[in-house]
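Engineer: let me see the structure of the following:
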Amino acid sequence: MTHVETLVAFRQSKVHDMNLNPSPFEKIRSGQKTIELRLFDEKRQSIKTGDIIVFTNTLSGERVRTKVIKLHCFNNFEELYNSLPLLKCGYSENDIETAHSLDMEKYYSLEKQKKYGVVGIELYLIN
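Structural biologist: Below is the predicted model:
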């Protein structure tokens, strides 16, 4: 007779809240945007694969739930733009022609990028 033991580890998913302007919010809600680009500061370093992110539309207050599939970490947005498929980041075919990593400087300075790095949060819509 054989003896089999099974070990199961459960990890409770954390829920994170993030606000989005209407356009990127709608792209996530419609499935056109599956990677959200952010500074990888202390707040976002707590995000792990399997966690839930609830995005809120800053104009309407509508909310959408997503699950984190993977985190893509880079030193700056230039590396991120060169590595990730921009269509998954919510850019249209026309936007990709003119998309430039320096566009993100209006949100996150080069100093902050150097200090924290940046992250592409790959999402799965669970609403």
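
Engineer: got a list of what residue 68 touches?
Structural biologist: 47-53, 121-124 (CB atoms under 8 Å, 6 or more residues apart in numbering). Backbone N, C-alpha and C define where each C-beta goes, glycine included.

Engineer: likewise residue 110?
Structural biologist: So residue 110 contacts residue 76 (CB under 8 Å, 6+ apart).

Engineer: output the lowest mean pLDDT helix or strand found in the chain.
Structural biologist: helix 93-98 (a mean of 86; mean pLDDT, DSSP states H and E).

Engineer: not counting it itself, show me its contacts.
Structural biologist: So helix 93-98 is contacted by 86-87 (CB under 8 Å, 6+ apart).

Engineer: how about that helix: buried residues?
Structural biologist: For helix 93-98, the neighbour count (16 or more other CB atoms under 10 Å) marks no residue as buried.

Engineer: mean confidence for the very next helix or strand once past that helix?
Structural biologist: Per DSSP states H and E, the first helix or strand lying C-terminal to helix 93-98 is helix 110-116. Taken as a whole, helix 110-116 carries a mean pLDDT of 96.

Engineer: and what of stretch 22-33?
Structural biologist: 96.

Engineer: so which bits of that stretch are buried?
Structural biologist: 24-29, 33.

Engineer: so which of the contacts of residue 68 are in helices?
Structural biologist: In helices, defined here by DSSP state H, there are no members of the contacts of residue 68.

Engineer: which elements pack onto the helix of greatest length in the chain?
Structural biologist: In the chain, taking DSSP H as the definition, the longest helix is helix 22-30. Helices and strands touching helix 22-30, by 3 or more CB pairs under 8 Å, 6 or more residues apart in numbering; DSSP states H and E, are strand 52-57, strand 63-74, strand 118-125.
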